[in-house]
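Asks: pasted the sequence and its predicted model underneath.
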Amino acid sequence: MALIVQKYGGSSVADAESIKRVAKRIVDTRRAGHDVVVAVSAMGDTTDELLDLANAVAPIAAPRELDMLLSSGERISMALLAMAIHSMGFEARSFTGSQAGMITDAHHGAARIVDVTPVRLREALDEGAIVIVAGFQGFNRDTRDITTLGRGGSDTTAVALAAALDADVCEIYSDVDGIFTADPRVVPHARKLDTVSSEEMLELAANGAKVLYIRAVEYARRHGVLIHARSSFSSNEGTYVLGEGMKSPRAAEGDAMEEPVVAGVATDLSQAKVTVVGVPDVPGKAADIFTIVAKSGANVDMIVQNVSAASTGRTDISFTLPKADAATAIRALQGEKDAVGFENLLHDDQIGKLSVVGAGMRVHSGVSATLFEALSKAGVNIEMISTSEIRISVVLRASDIASAAAAVHTAYGLDADGEATVYAGTGR
């Protein structure tokens, strides 16, 4: 008998019929002899609707009260799911994040897990109950306040529970059959991967792949949790995310797994580009600029500095960051314009980032040449380039992202014979 942690996203529990379908899947797992712990998200677009309500009554909501409001969405879905399981003749007990022992820091809206003490969950499991936990939320011991974990927090909840309970596997359910070589909404002929390394998954998640959130993947890698990403709309086996030393449950004895050259192509339309024009080309100016940006709370991604013009002794520095952070970063830089000595700021929110990820890049040549040749043949211009050991990222026009992703995907031989199935529509 295994202990299985399952996580169901908003699209999987979007309405009453979906909740009953999920309840049946959970009950089937229990009938197979396994202990089951479930982390569940709010129904459908509930979190966005609650945010809209908050904005309607208070344009700048108090962080503590916003967490109280947003955490209610998961409490609704956990109780309804437990009711559905009860109606099928099985005992289920629902728990809020605080009841489940999810202890976090005091940072409202983006709290981080500092400890998990699942005493009540273990007691319920020992008594034969199916455990349902509200994802996305926790409790701070010092302030005794409810906190939320930020976007993707239910994924992190599930992985943290799996680590604390020493579960055999953490199944993350969404509306696609697993992790694909590209977003099937962008590249219809994307191919489902049987396995992907946690290192590759971290890069994919950090660069736009939305099927798993980066914090959950990092938590799983650090604590040795096996993730199985699969669909709640089918019984198909999904994709296993393997940490160091892990072997896929579907692998035959003696099988050797060679790392693929390219595991996937990720796209991201959530970033903007800021260019600091006419920066004096002297030591310390880049440090000044990015210290200001850091103090504004913006998270910088890619950075490019041009060669300075000999006639002026000035250069341009461009960087990308989330669109939501751009206005704050620009205001902070404008406030220090005279001190830094730059001439102007340019803002561009019509960019997209395309990233090619693969552990095999370390030992195979020609990966970058294939990327650039594919983009050239597609008539796509590159604005910025960034690399790591297992990733190459380029910034393009947002309008070119879909065609560029399809061209690159084909160039690396990643296309499947048929089109991927998307059961709902968001990928979560």
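Replies: Received, thanks. Numbers count the residues shown, from 1 in each chain.

Asks: show the contacting residues for Asp142.
Replies: Shown in contact with Asp142 (Cβ atoms under 8 Å, 6 or more residues apart in numbering): Ala106. Using the backbone N, CA and C atoms, a C-beta is placed for each residue, glycine as well.

Asks: quick check, pLDDT for it.
Replies: Turning to Asp142, the model gives it a pLDDT of 96.

Asks: that one is in what secondary structure piece?
Replies: Assessed by DSSP states H and E, Asp142 sits outside every helix and strand.

Asks: now do the spatially most distant residue from the centre of the chain against Lys285, distance only.
Replies: Most distant from the centre of the chain: Ser311, at 45.5 Å, with distances by Cα atoms, centre = their mean. Taking Cβ to Cβ, to the nearest Å as the measure, Ser311 falls 18 Å from Lys285.

Asks: wait, is the residue farthest from the centre of the chain part of a helix?
Replies: No: under DSSP: H, G, I helix; E, B strand; the rest coil, Ser311 sits outside any helix and is assigned coil.

Asks: next up, the contacts around the residue most central in space within the chain.
Replies: With distances taken as Cα atoms, centre = their mean, Tyr213 lies nearest the centre of the chain, 2.1 Å away. Residues in contact with Tyr213 (Cβ under 8 Å, 6+ apart) are Arg151, Gly152, Asp155, Thr156, Ala205.

Asks: of all these, the one with the weakest confidence?
Replies: Within the contacts of Tyr213, lowest confidence goes to Arg151 (81).

Asks: return the distance of stretch 260-270 from the chain's centre.
Replies: Stretch 260-270 has its C-alpha centroid displaced from the chain centroid by 13 Å (Cα atoms, centre = their mean, to the nearest Å).

Asks: run through who's touching it.
Replies: Stretch 260-270 is contacted from outside by 179-183, 186-187, 193, 196-197, 200, 203-204, 207-209, 322-323, 352-361, 364, 367, 398, 401-402, 405, 408-409, 412, 414, using Cβ under 8 Å, 6+ apart.

Asks: I'd like to know which of these are buried.
Replies: 179-183, 186-187, 193, 196-197, 200, 203-204, 207-209, 352-359, 361, 367, 398, 401-402, 405, 408-409, 412, 414 (16 or more other Cβ atoms under 10 Å).

Asks: which residue is the nearest non-sequential neighbour of Val22?
Replies: Counting by Cβ to Cβ, 6 or more residues apart in numbering, Val22 lies nearest to Tyr8, which is 5.3 Å off, once chain neighbours are set aside.

Asks: quick check: Asp301 touching Val274?
Replies: No: with contact defined as Cβ atoms under 8 Å, Asp301 does not count as touching Val274 (11.0 Å).

Asks: what touches both of the two?
Replies: Shared contacts of Asp301 and Val274 (Cβ under 8 Å, 6+ apart): Phe319, Thr320, Leu321.

Asks: mark which of those residues are part of strands, please.
Replies: Those of the shared contacts of Asp301 and Val274 mapping onto strands are Phe319, Thr320, Leu321, per DSSP state E.

Asks: of those residues, which is the most crowded?
Replies: Thr320 (25 neighbours; other Cβ atoms under 10 Å).

Asks: distance of that one from Ser388?
Replies: The value you get for Thr320 to Ser388, if Cβ to Cβ is used, is 15 Å.

Asks: any weak-confidence spans in this structure?
Replies: 251-259, 424-428 (pLDDT under 70).

Asks: and the helices in it, which stretches?
Replies: Assigned by DSSP state H, the chain shows helices spanning 16-31, 46-57, 63-87, 119-126, 153-165, 198-206, 214-223, 285-295, 323-335, 337-340, 367-377, 401-411.

Asks: any chance of the ones you listed in TSV, with distance to Ser98 too?
Replies: Formatted as TSV, those follow (distance: least, Cβ to Cβ, whole Å):
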stretch	distance to Ser98
helix 16-31	23
helix 46-57	18
helix 63-87	9
helix 119-126	10
helix 153-165	12
helix 198-206	27
helix 214-223	19
helix 285-295	33
helix 323-335	29
helix 337-340	46
helix 367-377	47
helix 401-411	41
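
Asks: what residues are up against Pro322?
Replies: Pro322 neighbours (Cβ under 8 Å, 6+ apart): Ser270, Gln271, Ala272, Ala298, Asn299.

Asks: Ser234: which of the residues you listed is nearest?
Replies: For the contacts of Pro322, the minimum distance to Ser234 (Cβ to Cβ) is 28.5 Å, reached by Ser270.

Asks: how much space between that closest one and Val304?
Replies: Ser270 is 19 Å from Val304, by Cβ to Cβ.

Asks: how about Met102?
Replies: Distance from Met102 to Val304, counting by Cβ to Cβ: 40 Å.

Asks: so for these two, which sits in the more crowded spot?
Replies: Met102 (32 against 16).

Asks: and for the more buried one, nearest residue in space, chain neighbours not counted?
Replies: Met102's closest residue in space is Gly138 (Cβ to Cβ, 6+ apart), at 3.8 Å.

Asks: hmm, Ile113 and the one you found touching each other?
Replies: Yes: with contact defined as Cβ under 8 Å, Gly138 reaches Ile113; the gap is 6.4 Å.

Asks: next, show the common contact partners of these two.
Replies: Met102, Ile103, Thr104, Leu149.

Asks: for PyMOL, what selects the buried ones among those residues?
Replies: Here is the PyMOL command that selects the buried residues among the shared contacts of Gly138 and Ile113 (16+ other Cβ under 10 Å):
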select buried, resi 102+103+104+149
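
Asks: turn the shared contacts of Gly138 and Ile113 into CSV, columns for distance to Glu65.
Replies: As requested, these are exported to CSV (distance: Cβ to Cβ, whole Å):
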residue, distance to Glu65
Met102, 20
Ile103, 21
Thr104, 17
Leu149, 17
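
Asks: now flag whichever of the shared contacts of Gly138 and Ile113 is closest to Gly128.
Replies: Comparing these against Gly128 with Cβ to Cβ places Met102 closest, at 23.0 Å.

Asks: contacts only, for the closest one.
Replies: So Met102 contacts Ile113, Val116, Val133, Gln137, Gly138, Phe139, Thr157, Ala160 (Cβ under 8 Å, 6+ apart).

Asks: just to be sure, which of these are found in strands?
Replies: Per DSSP E, the contacts of Met102 map to strands at Ile113, Val116, Val133, Gln137, Gly138, Phe139.

Asks: against Met1, how distant is Val13?
Replies: In terms of Cβ to Cβ, Val13 sits 26 Å off from Met1.

Asks: between the two, tell me which one has more neighbours.
Replies: Val13 (29 against 8).
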